[in-house]
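Colleague: Below is the structure, and that's it, no one-letter string:
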């Protein structure tokens, strides 16, 4: 009986420490403004530059086989 009570109290203590986290980002639209070809990790890749309405630029990388068009819109996460 003491063992069961000890396990239950330990489980209650451990589970009481868990708190859910809220996502602290906004979803905004960004436009592809530039595509550059770079050498990264000994292979050629595309460096994509995206710009949002607040004039913040975001960089992403893609394989050379993927095709992108300048002016494409994409939703990105922006920290609050």
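Modeller: Received it, and whenever you're ready, just let me know what you need. It should be emphasised that the depicted structure is a prediction, and the values quoted were computed from it without experimental measurement.
Colleague: List the buried residues of the lengthiest strand in the chain.
Modeller: Counting residues, the longest strand found in the chain (DSSP state E) is strand 25-40. Across strand 25-40, burial judged by 16 or more other Cβ atoms under 10 Å covers 30, 32. C-beta coordinates here come from the backbone N, C-alpha and C atoms, glycine included.
Colleague: Equivalent analysis for stretch 48-64, please.
Modeller: Judged by neighbour count using 16+ other Cβ under 10 Å, the buried positions of stretch 48-64 are 48, 49, 50.
Colleague: separation between residue 34 and residue 74?
Modeller: According to Cβ to Cβ, to the nearest Å, residue 34 stands 14 Å off from residue 74.
Colleague: what's the model's confidence in the longest strand of the chain, averaged?
Modeller: Strand 25-40 carries an average pLDDT of 93.
Colleague: packing partners for it?
Modeller: Strand 25-40 sits against strand 43-52, strand 57-63, strand 73-79, with contacts defined as 3 or more Cβ pairs under 8 Å, 6 or more residues apart in numbering; DSSP states H and E.
Colleague: Given the second one, what are its sheet partners and their directions?
Modeller: Strand partners for strand 57-63, identified by DSSP bridges, are recorded as strand 43-52 (antiparallel).
Colleague: Mind listing residues that contact the strand it pairs with?
Modeller: With Cβ atoms under 8 Å, 6 or more residues apart in numbering as the test, strand 43-52 has contacts from 28-40, 57-64, 66, 68, 74, 76, 78.
Colleague: Any regions of the chain where pLDDT drops low?
Modeller: Along the chain, the model assigns pLDDT under 70 to residues 1-2, 4-9, 11-19.
Colleague: ok, the spatially most central residue of it - contacts?
Modeller: Taking Cα atoms, centre = their mean as the criterion, residue 77 is the residue nearest the geometric centre of the chain, at 6.8 Å. Going by Cβ under 8 Å, 6+ apart, residue 77 touches 25, 26, 27.
Colleague: ok, now how distant is the residue nearest to the first one when sequence neighbours are not counted from residue 64?
Modeller: Counting by Cβ to Cβ, 6 or more residues apart in numbering, residue 77 is the residue found nearest to residue 25 once chain neighbours are left out, at 4.3 Å. According to Cβ to Cβ, residue 77 stands 26 Å off from residue 64.
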